[in-house]
Every structure is written in C-alpha cells, then in structure tokens.
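Q: Fold the following.
(chains A, B and C)
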Amino acid sequence: MGKKYSKKEVRSKWNDITEEPNLIYRNGEKIFNYSGFVKGHPALRYFEYISKIMLEDFDVLKRIGETPGNLRKDKSFDMDHEGTLDISGKDEDLKITERRLAVALYNSSHHFRFGKIFDYETPLKEKEASGIGEIDLLSKRNEEVGIIELKIGKSQKGETLFRALMEAYTFTKLINKRKEKFIKDFGLKNEISFRPIVLTLTDSFCAENMHMLVNGNAPNLKDLIIKMNAHLAKIEILPFEFYAFDSENPALKQDEQGKIIFENSKFLEVRVMEYDYR
DNA sequence: TGCCCGACTTAAACCCAGTA
DNA sequence: TACTGGGTTTAAGTCGGGCA
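A: Take a look at the predicted model:
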C-alpha cells in the first residue's frame, strides 16, 4: 500500500485548500481522489471522512461559486466546437480517453436519458491562467441544462465520484452566475434551469462509488449530496443526478472530416443506468 | 496584417515505489 | 505481492511574440 493519512492529517489537508473556494475542486484533487481508507480506521474511506468534514464546514461549500473571480464575462461560452480533435501523429488505433469520449458523445447527436449533448469542453474562464477550467459536457432535456462531469477512470487510477461531485457542484454554481449570458450565447429559452450531473461507465471506479451510495455504504457522502441539493435548490439549481453507460470502454475512430465517432454506433443503444440515491 | 511557432495551462493518463 | 498514493508525462488547446 501507499502512504496512509490519519484523520488529523486529512483535516489539515482540507484546511489548506479552503482559502479559495472556487479552486477547492482542483487544489483538493489529490485527497478527493484517494480511494483507500483513513489510517487507523480500516473501514473508513477517505471520501467518507472528508464528506463528514464538509458537512461540518458547510459554510465553505456555500461559498464555492459565489464570487465570480475570472469567470467568463465578455467572451462567448459557445466556442463553436466542431467535434474534431487534433490527434495528428498520435496512436492510430485511437485508444479511448475521457476527452475523446466526450467529443464522440457530442457528435452522436443522440438523445440520452440525461438529454442531448450540445457542447463539450465549455470554458468557464475569461482568460487563460485563471485557475478554473472547463465543463466536460452540456446536455439539454426539455427545459433542463445538464452540467456534466464525465469520469471513466478505473480504480487503479483514482477518479472518485467524490471528485466528480466537487467539480460538477463548483461548475454549476459558477455557470449559474452567468445564466443570462449562457442562455444568450447558446440561444436557449429563458426558462432553463441547471442540473449538475456525473456521467460514467459501469466498469469505472466512479460507478463503484455510485453503487456504494445507493446501497447505503457511503452515508456521509449521501448526507453531503442531500445538503448540497438543498443549498442548490435555494438558488434554483436542480438536484444532482448520476448516470452510467452500462458498458466497458467503447471503441472510437476518426471519420473523414476528422470527427471523433463511435466505431460501432450500437453503443448509443446501450442501457443508461441512473443511480437514484434519494 | 497575418501566420507560424513555441511557451504555457489544465486535466487526464501513465508509471513507480513503498508498505501492509 | 497487490494496492494505492506520489510524481511525471501526455493530450489538446490557447495565447502571444516575432517576422515576412
């Protein structure tokens, strides 16, 4: 096993990252992705303990996304993405990556349970070098816009539901600060509401975490999500939803126009699981 | 002015080493 | 020896400066 941290050490790491609320998801990336157990507590997963800390320090979570910082103001949120990636000189068998899957989902134009993808890698910041990053995917279902965090990593590589949760929570609160602009940039109706969503594949570590959540094996994480939802409701943001494609990593390819697409379009018919934790 | 190239940025993917 | 956290590399984009 690698290094283990005690409760005290975990709490200290949390205290180190609370200074800049909008960047907690990023500065806490390491501890949020820990998949093991707290030192001296063989049944207590790090994300369960950190959830407990966050429930106690919930004021910090309220502050996330409250100050716009370098949030996009003048430039359009709509980057006119074309569904292509510059993969010249890379492996020709096009092994799957998160980014490539995101683009393939966009290019599919398919209506999934969680909606139809209408953009990917949507920038949040005005200038480069301002910390906050990009939204993996945007989906639309009736009058709802899904702020989707995509996670496909297997257990060995980390990538917990907890980390995805923090990203989706932060990005949704931030984009909500620029709702009018977002609606105008993408030519949407005024009635839309945002909803944070985590999307994964059933063989990922993230999906394992979703199972723990619905099976009652992550009580603190569940309480945290419920509390986040209650807070989001006050600012007219819809509660979290969690989905997984019931599939292993699908094969991808590049078409003549350079667009990333699914090698077998049957992937689009694969079952999409919803993990109902409520 | 337009374009080419290199530096920088973010997040993901990979690889390694130490420990239970 | 398997696991997992730490550290490094890769991926892909964006920006800015130099130069024709």
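Q: Which parts of the stretch 151-278 of chain A are strands?
A: Assigned by DSSP state E, counting those that start in this stretch, the stretch 151-278 of chain A shows strands spanning A:193-201, A:241-245, A:252-254, A:260-262, A:272-274.
Q: Figure out which of those is closest to DNA strand C.
A: strand A:260-262 (8.2 Å; CB to the nearest atom of the strand). Quick note: C-beta positions are derived from backbone N, CA and C, even for glycine.
Q: any idea how far the residue of chain A found nearest DNA strand C lies from DNA strand B?
A: Of all residues in chain A, A:Gly36 sits closest to DNA strand C, at 2.2 Å by CB to the nearest atom of the strand. From A:Gly36 across to DNA strand B, the span is 10 Å (CB to the nearest atom of the strand, to the nearest Å).
Q: In contact with the nearest residue to that residue once chain neighbours are set aside, which residues?
A: In space, A:Gly36 comes closest to A:Tyr46 once its chain neighbours are excluded; the distance is 6.4 Å by CB to CB, 6 or more residues apart in numbering. Going by CB atoms under 8 Å, 6 or more residues apart in numbering, A:Tyr46 touches A:Tyr5, A:Val10, A:Ile31, A:Tyr34, A:Ser35, A:Gly36, A:Phe37, A:Val38.
Q: before we move on, the earlier item: nearest to A:Arg163, out of the strands of the stretch 151-278 of chain A?
A: strand A:193-201 (9.7 Å; CB to CB).
Q: Strand A:241-245 and that closest one, what's the angle between them?
A: Here the directions of strand A:193-201 and strand A:241-245 differ by 30 degrees (axes from the mean of the first three to the mean of the last three CA atoms, to 10 degrees).
Q: For the closest residue to DNA strand B within the stretch 51-200 of chain A, which non-adjacent residue is closest in space?
A: Across the stretch 51-200 of chain A, no residue is closer to DNA strand B than A:Gly133, which sits at 2.6 Å (CB to the nearest atom of the strand). Nearest non-adjacent residue to A:Gly133, counting by CB to CB, 6+ apart: A:Leu124, 6.6 Å away.
Q: I'd like to know how far the one you found sits from A:Thr170.
A: Using CB to CB, to the nearest Å, A:Leu124 is found at 9 Å from A:Thr170.
Q: joint contacts of these two?
A: By CB under 8 Å, 6+ apart, A:Leu124 and A:Thr170 have these common neighbours: A:Ile132.
Q: Thank you kindly, that will do.
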